[in-house]
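*Asks:* I'd like to go over a predicted model; first the sequence, then the structure.
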There are 2 protein chains.
Amino acid sequence: MSLFVDFFKKKKVSHRWVFDFLPPQGVEKPFKEVIDVSWGDPHRGGMKPLTFVRQVLAACVYPQLMNDNKLPVDVRQRAQKLLDGCAGRSVGSYSATQGIPEIVQRVSEFISRRDGGVPSNPENIFLCCGSQILNVLVNAEAAFTTGVLAPAPCYRTTTLSIEGLGGVVIPYYLSEEQGWELQVEELQQALESAGGACNPIALYVINPGNPTGHVQSRKSMQEVIRFASEKRLFLLADEVYQGCIYGEKEFVSYKRVLAEMGPPLSDTVELASFHSASKGFMGECGLRGGYVELVNLDPAVKKYIYTLFTADSSAPLLGQIALDLMTNPPLPGDPSYFQFDQVRSSVKEAFEVVNSLQGFSCPAVEGGAFAFPRIHLPAKAIQKAKEVGMQPDTFYCLKLLEEAGVLVSPGSDFGQKEGTFHFRFCILILHDVLEELLRRLTLFHTQFMKDFS
Amino acid sequence: MSLFVDFFKKKKVSHRWVFDFLPPQGVEKPFKEVIDVSWGDPHRGGMKPLTFVRQVLAACVYPQLMNDNKLPVDVRQRAQKLLDGCAGRSVGSYSATQGIPEIVQRVSEFISRRDGGVPSNPENIFLCCGSQILNVLVNAEAAFTTGVLAPAPCYRTTTLSIEGLGGVVIPYYLSEEQGWELQVEELQQALESAGGACNPIALYVINPGNPTGHVQSRKSMQEVIRFASEKRLFLLADEVYQGCIYGEKEFVSYKRVLAEMGPPLSDTVELASFHSASKGFMGECGLRGGYVELVNLDPAVKKYIYTLFTADSSAPLLGQIALDLMTNPPLPGDPSYFQFDQVRSSVKEAFEVVNSLQGFSCPAVEGGAFAFPRIHLPAKAIQKAKEVGMQPDTFYCLKLLEEAGVLVSPGSDFGQKEGTFHFRFCILILHDVLEELLRRLTLFHTQFMKDFS
């Protein structure tokens, strides 16, 4: 049996496109292991969890670990403090609907620090499981189907969530020529194209971008805010990659930009800002810890949201704890103080290598966890893909998997302009793995271009 | 400030009825601490987590703990095995959509053992966050509002979930006179009362009952299955309290009863059975680990469910691990083998004391986590409650809180027959706490009856 049939059977990955096109069995492969960079999952890619984070979590789970002095003092102090906030001093209890109050408070302090002092009210913060609260928006009782503006390309989980809840995605195209910038004319055009077929109520933006790696400028965000205000759209700002910035551009939150624009906008535009412990320097996807901050919400809507969260009982307590550690990491001088910048250099290297390949172009990755290079496929390859009934980029990605053992996601999974082809791969991986990936990609791509030229 | 205003401010409990009726401040109280038995949350009530469970979780979170031999050998072996199933050997990675395949497999083996050999197919099992997958059912696109039959009394989270998703609850009354038995005539009547106002597609049952503590007989379950088949209703069996059985009656799963009824029923009735690590001997609510097994589902519906689960990324990995430990606890002879029957005797004692009080009646609690006694309130108390604009049982519960520092949930939160009054309290609590609770309740109730006679 071929190595990667085995690999997929074992892993049961959810990349359905792979299952649709399983390769012939029994063929020997020139690689020992598949490099799977199709997920935004740093630990899967070999990144090690942060010791401080795992020590605090272990001490919270099994407090007997604090009986001797083996764990650093700041680990023990933090764990004690966190357990004090848990009912029955156990991470096995439910928390209040919005989350453990002490953690909600510290998250709000983090937000305010991040936003240069813009106040954050703990009553507007809900800790949740991952960053999904889209269900808040899709009103099943509406006479018209709820429409949500979402970028193309866009991470598939977002569009799946909207559709799964009975809503409709109204795609707006990002400008690849401008490094995947969000242009407000595209929003206007998308809204017009939706016609009267649905009731557009929300605008979803993701900054830094997934899969694009683009970091939005203040100016662009101001335009988006004005547009949302004009069209009375609820602004959903997915900011889970705010901790992953590699270039010159700074991350600025929508909350901050909105506050700095002043009244009437700052008092009226409804905004939900999402963040998560799954991304950034921790990459703790499996713990499922996220939060949403709600700004300018109608009290009736907030009450409805509160009820929905009550129905969910509570977010996983260890995910809540991970959020506390993410928003309040050890400070310089603390025994567990750490720095995290090992990724920066790898990212630069990655897109330099990718851009050096014939037929590739990739704007600088400014933030986020992914690169999303464009592949200019030869006509022969496109023709061949058509013959076998595949999207051309899916065809390319499947070949890359079969022949080089590298698993990436085809651009057609994300939405892309007609006639353009891309793939996405995670860059938050170990440096050695990235090097091997780039080596395999270079070899494969050179051969592929030769075969189809 | 009064003690329990402080208590609620600090805890921010989600019991809104309490907030609606906050007592005057500054009054001295004859108790030091509020006993909060309004949740189904064993650790909150002082129950200690199981050492084996917490040791395995700690070792999975922080594998360095396995480097010395301080943890028992079966703990280390289990943790190793579980980490082998995690991508990148980290609980910080996403799992496959249905859950970690090795755990799904072991859960299916547990189900088959539990059901006397009835086969369980891992492909029908989805590990999830808690036991909520009601959203699977409420089809937002249906022309008619989706109706779900649910018992009265019923746990509020269930009805909130249905309503939050735009569905409608069609209540069927359980027979208090028959120890809260489910009678199929009530189902018929409920269905008729729904008229054409909604589209009834599912029947929700909970066994053992919450709040009732009733354990269903095989005969009753067979009737329910026949009814579901006749009316083409999807059967939702909430069986999260299957590990909490105190009386003579055995727990039998709907899956098993259905299988034993043979074709055509066993091949056609659509069933979802839920279980959770939050309840039973572990009580690990905060980890958010649950599963659902789907039986006889239409492949198209199953594909839709798969998509919804994909959109949720994955269930918390530590919750998944808790499920593995719950369904496969240590066996006799293993270093960490444990037994768990300390609760049984307390439960018996609780309802004996409750029944001895004037104006109380409570059927034997056969299973689950709660007692749900009926209070026969004096006319004067009912009158007084009306004057202050409260439900009579809410009035009673608030007095119980104000004067005895015991927080329970009023029956009007769960649905009860007109003119009957109840309250619910958790019995999965430490024996000492239960004794103190019963002492306070007895004193308070005697005085209350005197005051309003």
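*Replies:* Looks like it came in fine. Residues are numbered from 1 along each chain as shown, chains lettered A, B, ... in the order given.
*Asks:* contacts, neighbours, all on C-alpha from now
*Replies:* OK.
*Asks:* got a list of what residue A:53 touches?
*Replies:* Taking C-alpha atoms under 8 Å, 6 or more residues apart in numbering or on different chains, we find residue A:53 in contact with A:322, A:325.
*Asks:* again, 10 Å this time
*Replies:* A:75, A:282, A:284, A:321-322, A:324-326, A:329-330, A:336, B:61-62 (C-alpha atoms under 10 Å, 6 or more residues apart in numbering or on different chains).
*Asks:* sketch out the low-pLDDT regions of chain A for me.
*Replies:* Residue ranges of chain A with pLDDT under 70: A:1-27, A:130-144, A:165, A:339-346.
*Asks:* state which helix of it is the longest.
*Replies:* helix A:431-451 (DSSP state H).
*Asks:* in chain A, which spans are strands?
*Replies:* Taking DSSP state E as the test, the strands found in chain A are A:35-36, A:125-128, A:146-152, A:168-173, A:199-206, A:234-238, A:271-276, A:290-295, A:360-361, A:370-371, A:374-375, A:406-407, A:409-410, A:423-426.
*Asks:* export the fifth one to PDB, keeping only CA atoms.
*Replies:* What follows is the C-alpha trace of strand A:199-206 in PDB, where atoms were taken according to Å, rounded to 0.1, in the frame of the first residue of the first chain:
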ATOM      1  CA  ASN A 199     -30.600  40.200   3.700                       C
ATOM      2  CA  PRO A 200     -27.000  41.400   4.200                       C
ATOM      3  CA  ILE A 201     -26.500  42.000   7.900                       C
ATOM      4  CA  ALA A 202     -22.800  41.500   8.600                       C
ATOM      5  CA  LEU A 203     -19.300  42.100   7.100                       C
ATOM      6  CA  TYR A 204     -16.600  39.600   8.000                       C
ATOM      7  CA  VAL A 205     -13.000  40.700   7.800                       C
ATOM      8  CA  ILE A 206      -9.900  38.800   8.800                       C
END
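*Asks:* which helices and strands does that strand pack with?
*Replies:* Applying 3 or more C-alpha pairs under 10 Å, 6 or more residues apart in numbering or on different chains; DSSP states H and E, we find strand A:199-206 packed against strand A:146-152, strand A:168-173, helix A:184-194, helix A:218-230, strand A:234-238, strand A:271-276.
*Asks:* any chance of those in JSON lines, plus mean neighbour count and distance to chain B?
*Replies:* Below are the helices and strands packed on strand A:199-206 laid out as JSON lines (neighbours: other C-alpha atoms under 10 Å in any protein chain shown; distance: least, C-alpha to the nearest C-alpha, whole Å):
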{"stretch": "strand A:146-152", "mean neighbour count": "25", "distance to chain B": "10"}
{"stretch": "strand A:168-173", "mean neighbour count": "24", "distance to chain B": "11"}
{"stretch": "helix A:184-194", "mean neighbour count": "16", "distance to chain B": "18"}
{"stretch": "helix A:218-230", "mean neighbour count": "17", "distance to chain B": "26"}
{"stretch": "strand A:234-238", "mean neighbour count": "24", "distance to chain B": "15"}
{"stretch": "strand A:271-276", "mean neighbour count": "26", "distance to chain B": "13"}
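*Asks:* buried set for stretch A:310-317?
*Replies:* A:310-317 (16 or more other C-alpha atoms under 10 Å in any protein chain shown).
*Asks:* list the contacts of residue A:395.
*Replies:* A:21, A:381-382, A:384-386, A:388-389, A:401, A:410.
*Asks:* pull the most distant pair out of the contacts of residue A:53.
*Replies:* The most widely separated members of these, counting by C-alpha to C-alpha, are A:330 and B:61 (19.1 Å).
*Asks:* higher neighbour count, those two?
*Replies:* residue B:61 (25 against 19; other C-alpha atoms under 10 Å in any protein chain shown).
*Asks:* my read is that the more buried one contacts residue B:93, right?
*Replies:* No: Residue B:61 sits out of contact with residue B:93 when judged by C-alpha atoms under 10 Å, with a separation of 11.6 Å.
*Asks:* list residues touching both of those two?
*Replies:* Common contacts of residue B:61 and residue B:93 (C-alpha under 10 Å, 6+ apart): residue A:49.
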